[in-house]
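Student: here's my sequence, what's the structure:
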Amino acid sequence: MPASPPILPTDISGCVARALAEDMGSGDITATLIPAEASAHAQVIVRETAVLCGTSWFDEVFRQLDRRVQVVWQTRDGERLRPNQTLCQLRGPARSLLSGERTALNFLQTLSATATRTRRYVDAIASTNARLLDTRKTLPGLRTAQKYATACGGAQNHRMGLFDAFLIKENHILAAGGIAQAVSRAREIAPGKPVEVEVENLNELRQALDTGADTVMLDNMNLATLHKAVLLTAGRSRLEASGNVNLDTLRAIAETGVDYISVGAITKDVQAVDLSMRLRS
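Tutor: Got it, this is the predicted structure:
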């Protein structure tokens, strides 16, 4: 796991508030079956091997629902989990524990799934010089949360959105009149912002290198072409391989010598980690 968890996003409170509003609506009518004065304790258990992520979102659910709920964690974000491991203990009003259960687990199981899938990809390229990058292919409303989760899994964040770096793709190049024109305009608009150019062949790579682009994305190139691209670039720009990346192809792509490999599957194709919360009176 990383030496320490990455910096938490600043929008956790708002993200949780929206999720609770979606789930609670005008109130949890089933929870009213429980006497208001009843208290209980619970524990969250993981049923499979995973990497933990999302504890702050989980905590925030109960902080917003009822500050009397106490959550004590026995592990932390970024740690590997074993089947049937207890993750945390909760104690507080039974109604609040029951009302917050699903929303809290939704965050924990989804972000842990993202971190878990990311760790599998990171492990697959261990001992190479390539770094795994996430993408903007995130679940709607969970951009910052999933970017945090990929970092917990050992990946490096690509740009957060459309505002913090240029990524000049095929349609941008066509509309701007060419690679050189697009890069030149980017430097004029926002000096100092990273500039990346997507290319589909070695001729376009040469053009991008001539502009001094910070990073060049090699889109859907086969292994032989990736090798040639690395030799041609000779360190003049960072190279990012993208497209046709999965656990079967990942290692070979990393061994071509590219600097980065971007993978949308670590955020968009996640399968929730199997978690359960058991309540005891």
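Student: where does the protein dip in pLDDT?
Tutor: 1-4, 281 (pLDDT under 70).
Student: could you pull out the strands for the protein?
Tutor: Listed in chain order, the strands of the chain (DSSP state E) span 39-46, 50-51, 70-73, 80-81, 86-93, 131-133, 166-168, 195-199, 215-219, 238-242, 260-262, 275-280.
Student: any chance of these in TSV with distance to Lys147 and mean neighbour count as columns?
Tutor: C-beta: built from backbone N, CA, C; applies to glycine. Shown next, in TSV, are these (distance: least, C-beta to C-beta, whole Å; neighbours: other C-beta atoms under 10 Å):
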stretch	distance to Lys147	mean neighbour count
strand 39-46	23	18
strand 50-51	15	25
strand 70-73	22	14
strand 80-81	20	18
strand 86-93	22	18
strand 131-133	11	22
strand 166-168	15	21
strand 195-199	17	24
strand 215-219	18	24
strand 238-242	17	23
strand 260-262	13	23
strand 275-280	21	14
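Student: got the ones you listed as TSV, with distance to Ala115 columns?
Tutor: What follows is these, written out as TSV (distance: least, C-beta to C-beta, whole Å):
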stretch	distance to Ala115
strand 39-46	12
strand 50-51	4
strand 70-73	15
strand 80-81	10
strand 86-93	13
strand 131-133	12
strand 166-168	24
strand 195-199	25
strand 215-219	24
strand 238-242	21
strand 260-262	17
strand 275-280	13
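Student: so in this structure, which helix runs the longest?
Tutor: Longest helix of the chain, by residue count under DSSP state H: helix 94-124.
Student: run the chain-centre distance for that one.
Tutor: 12 Å (C-alpha atoms, centre = their mean, to the nearest Å).
Student: stretch 20-32 too?
Tutor: 29 Å.
Student: again with stretch 154-161
Tutor: Counting by C-alpha atoms, centre = their mean, stretch 154-161 is centred 7 Å from the centre of its parent chain.
Student: how long is it from one end to the other?
Tutor: 20 Å (C-alpha to C-alpha, to the nearest Å).
Student: rewinding a little: and Ala254, which of the strands of the chain is closest to it?
Tutor: With C-beta to C-beta as the criterion, Ala254 lies closest to strand 260-262 of the strands of the chain, at 6.2 Å.
Student: just checking, what packs against the closest one?
Tutor: If you count contacts as 3 or more C-beta pairs under 8 Å, 6 or more residues apart in numbering; DSSP states H and E, strand 260-262 packs onto strand 131-133, strand 238-242, helix 250-254.
Student: what's the shortest one packed up against?
Tutor: The elements that strand 131-133 packs onto, with contact taken as 3+ C-beta pairs under 8 Å, 6+ apart, are helix 94-124, strand 260-262.
Student: can you add distance to Arg82 and give those back as CSV?
Tutor: Formatted as CSV, the helices and strands packed on strand 131-133 follow (distance: least, C-beta to C-beta, whole Å):
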stretch, distance to Arg82
helix 94-124, 12
strand 260-262, 28
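Student: Thr30 contacts Leu98, doesn't it?
Tutor: Yes: if you go by C-beta atoms under 8 Å, Thr30 and Leu98 touch, sitting 7.5 Å apart.
Student: and the two? Which one has more around it.
Tutor: Taking neighbours as other C-beta atoms under 10 Å, Thr30 and Leu98 compare with Leu98 leading, 18 against 10.
Student: for the more buried one, give me its contacts.
Tutor: Neighbour list for Leu98: Asp28, Thr30, Ala31, Ile34, Leu279 [criterion: C-beta atoms under 8 Å, 6 or more residues apart in numbering].
Student: can you tell me which of those is closest to Ile45?
Tutor: The closest of the contacts of Leu98 to Ile45 turns out to be Leu279 (C-beta to C-beta; 12.0 Å).
Student: what's across from that closest one in the sheet?
Tutor: Beta-bridge partners recorded for Leu279 (DSSP bridges): Ala42.
Student: doesn't Val44 make contact with it?
Tutor: No: assessed by C-beta under 8 Å, Leu279 is found out of contact with Val44, at 10.6 Å.
Student: number of residues surrounding Leu111?
Tutor: With other C-beta under 10 Å as criterion, Leu111 counts 30.
Student: so what's it up against?
Tutor: By C-beta under 8 Å, 6+ apart, the contact set of Leu111 is Cys53, Gly54, Trp57, Leu142, Ala145, Gln146, Tyr148, Ala149, Cys152.
Student: hmm, the last one is touching Asp77, no?
Tutor: Yes: Cys152 is within contact range of Asp77, at 5.1 Å (criterion: C-beta under 8 Å).
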